[in-house]
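# Give the three-dimensional model of this entry:
(one chain, ligands or ions: 1)
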Amino acid sequence: MFRSVYLKLTILYVAVIMAISLFFSIIYYQSSVRDLNAGFQRQSDALHRSQTGMMFFQQSDFQTVITQQLDESRDHVFWELIYVNFIILIGGAAASYALALYSLKPVQDSMEEQARFTADASHELRTPLTAMRTETEVLLRDKKVSIDEMRSQLESNLEEVGKLERLSSALLTLARHEHAAEMAFEPVPVQDIWEDAQKRLVAKITQHKAVITVSANELSVRGQKDMLVELIVILLDNALKYSKPESEIDLSARHDGHSVVLTVRDHGFGIHASDIPHIFDRFYRVDRARSQSVDGYGLGLSIAHQIVQQHSGKIEVTSEPGKGTCFTIKLPKAA
Ligand code: ADP
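Predicted structure coming up:
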């Protein structure tokens, strides 16, 4: 589909270039011919006035020479312009194609990304629905089904519904951040972000028996509090999900020029170097088979990345398999 769009755009660019080139060529040709005529007319008048000049030429010979000269010069200008326009056509076509490729590439990438996203989202939505449908059908066909079996089926359905709810809310968050209008930023104390994020995950932290250390500091960042809390919730939640119970998680902040650097460090399973470039992609989960047992859809880090981008910040990750992972977020410091 894009091949024909590239071609159409190239033709359009070439048409514009050639229209401008031909317009100026016609103007140049007409003014050159006018100048030539005027020049020859002046020479002819000068010769007429000079007695010596007319001694060498008959009136008619002179007129023939002038006409010949004029025709030759006109042809010369004409062919030169044809030659120049031909070069502009070839060069313009090559440049137009390159320009079409350059200007349409981001559109093509974004459309491909959108198609991939839709396919992944549909797949993730279908999986729990298919599971629910199959299990319910099997149960309905069984004439001797007991109340306990029905109860356990309903519980399993409820679990799948919970997954669907979490997925749709992650998708909504992603869409909301993508089309977020201009946001009102305010100074947000880092301490508040750490505290609110921990409050939201208190049940998981207790269940995990995680030891969370927070480095005390008075720093503030410029941003939108709810979004920043959401960002830390995602990173802290991952730190809990991808490390053994009772492990330590460090939250710290330091200032670096006009920025504040927040760090979320865990001592968990870590991420392989080959996976690191992809973890911020939507629906990317490291080792799907292993991650299957851990709740998630591979959307958390893409939301985190979006939030950081909206704050004109930067998020980086370093990790060592078996030793742990460290997410570093650089955000603008509050004035
Ligand atoms: P998920 O919902 O799967 O957690 P994310 O987008 O939050 O999705 O993370 C993408 C993948 O990156 C996860 O599946 C996990 O394999 C890996 N990952 C993220 N954070 C960590 C971490 N702190 N330690 C180890 N692996 C992590």
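
# Toward the C-terminus from the worst-scoring helix or strand of the chain on mean pLDDT, list the very next helix or strand.
Taking mean pLDDT, DSSP states H and E as the measure, the helix or strand of the chain with the lowest value is helix 288-291, at a mean of 53. Using DSSP states H and E, the helix or strand that follows helix 288-291 in sequence is helix 300-310.

# Contacts only, for F283.
F117, D120, A121, E124, Y297, G298, L299 (CB atoms under 8 Å, 6 or more residues apart in numbering). Any C-beta I mention is one placed from the backbone N, CA and C, and that applies to glycine too.

# Now do E182, the pLDDT please.
E182 is assigned 71 on the pLDDT scale.

# how would you label it: helix, strand or coil?
coil (DSSP: H, G, I helix; E, B strand; the rest coil).

# Against P106, how distant is the residue in the stretch 201-335 of the chain that the ligand sits nearest to?
Closest to the ligand within the stretch 201-335 of the chain is G296: 2.3 Å, counting by CB to the nearest ligand atom. Using CB to CB, to the nearest Å, one gets 30 Å for the distance from G296 to P106.

# More neighbours: which of the two?
G296 (18 against 9; other CB atoms under 10 Å).

# Just the closest residue of the stretch 51-200 of the chain to the ligand, please.
For the stretch 51-200 of the chain, CB to the nearest ligand atom, closest residue to the ligand: A170, 7.9 Å.

# Can you get me a residue count around that residue?
Neighbours around A170, by other CB under 10 Å: 21.

# Would you confirm that it contacts S302?
No: under the criterion of CB atoms under 8 Å, A170 is not in contact with S302, lying 9.0 Å apart.

# circling back to that earlier point, can you add distance to E218 and give the contacts of F283 back as TSV?
Converted to TSV, the contacts of F283 look like this (distance: CB to CB, whole Å):
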residue	distance to E218
F117	41
D120	42
A121	42
E124	42
Y297	37
G298	36
L299	34
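
# So F283 belongs to a helix, correct?
No: going by three-state DSSP, the assignment for F283 is coil, not a helix.

# What pLDDT is listed against it?
pLDDT, F283: 90.

# and the residue nearest the centre of the chain, how far is that from Y97?
What sits nearest the mean C-alpha location of the chain, by CA atoms, centre = their mean, is S110, with 6.5 Å. Using CB to CB, S110 is found at 21 Å from Y97.

# Before we move on, what's the pLDDT of V145?
87.

# got the residues of this protein near the ligand?
The chain comes close to the ligand at residues 238-239, 242, 266, 268-271, 279, 284-286, 291, 296-301, 325, as judged by CB under 6 Å from any ligand atom.

# which of those residues count as buried?
Neighbour-count burial (16 or more other CB atoms under 10 Å) is assigned, among those, to 238-239, 242, 266, 268-271, 279, 284-286, 291, 296-301, 325.

# re the thing from before, tell me, what's touching A170 and S302 both at once?
By CB under 8 Å, 6+ apart, no residue touches both A170 and S302.

# How much space separates the spatially closest residue to the residue of the stretch 51-200 of the chain closest to the ligand that is not a sequence neighbour from Y28?
Nearest residue to A170 in three dimensions, chain neighbours excluded: L299, at 4.3 Å (CB to CB, 6 or more residues apart in numbering). Distance from L299 to Y28, counting by CB to CB: 61 Å.

# cool, H48 as well?
30 Å.

# picking up where we left off before, ok, the residue nearest to A170 - contacts?
L167, A170, L171, L174, R282, F283.

# OK, contacts around K209?
By CB under 8 Å, 6+ apart, the neighbours of K209 are P245, E246.

# Now do the phi/psi pair for it.
phi 60, psi 40 (degrees, to the nearest 10).

# likewise D256?
Torsion angles, degrees, to the nearest 10, at D256: phi -140, psi 100.

# What pLDDT is listed against it?
91.

# ok, and the closest non-adjacent residue to it?
K330 (7.1 Å).

# Can you check my assumption that the one you found lies in a helix?
No: read with three-state DSSP, K330 is strand and lies in no helix.

# who's in contact with it?
D256, S259, V260, V261, G313, K314, I315, E316.

# Now for the last one: which residues touch it?
Meaning E316. F327, T328, I329, K330.

# ditto for the fourth one
Contacts for V261 were tallied using CB under 8 Å, 6+ apart; they are A253, R254, H255, T328, I329, K330, L331.

# Give me the buried entries from these.
A253, I329, K330, L331.

# Do you know the pLDDT at the third one?
What it means is K330. 97.

# For it, give its distance to S312.
10 Å.

# Ok, the second one next?
Applying CB to CB, the value for I329 to S312 is 12 Å.

# likewise C326?
Relative to S312, and taking CB to CB, C326 is found at 22 Å.
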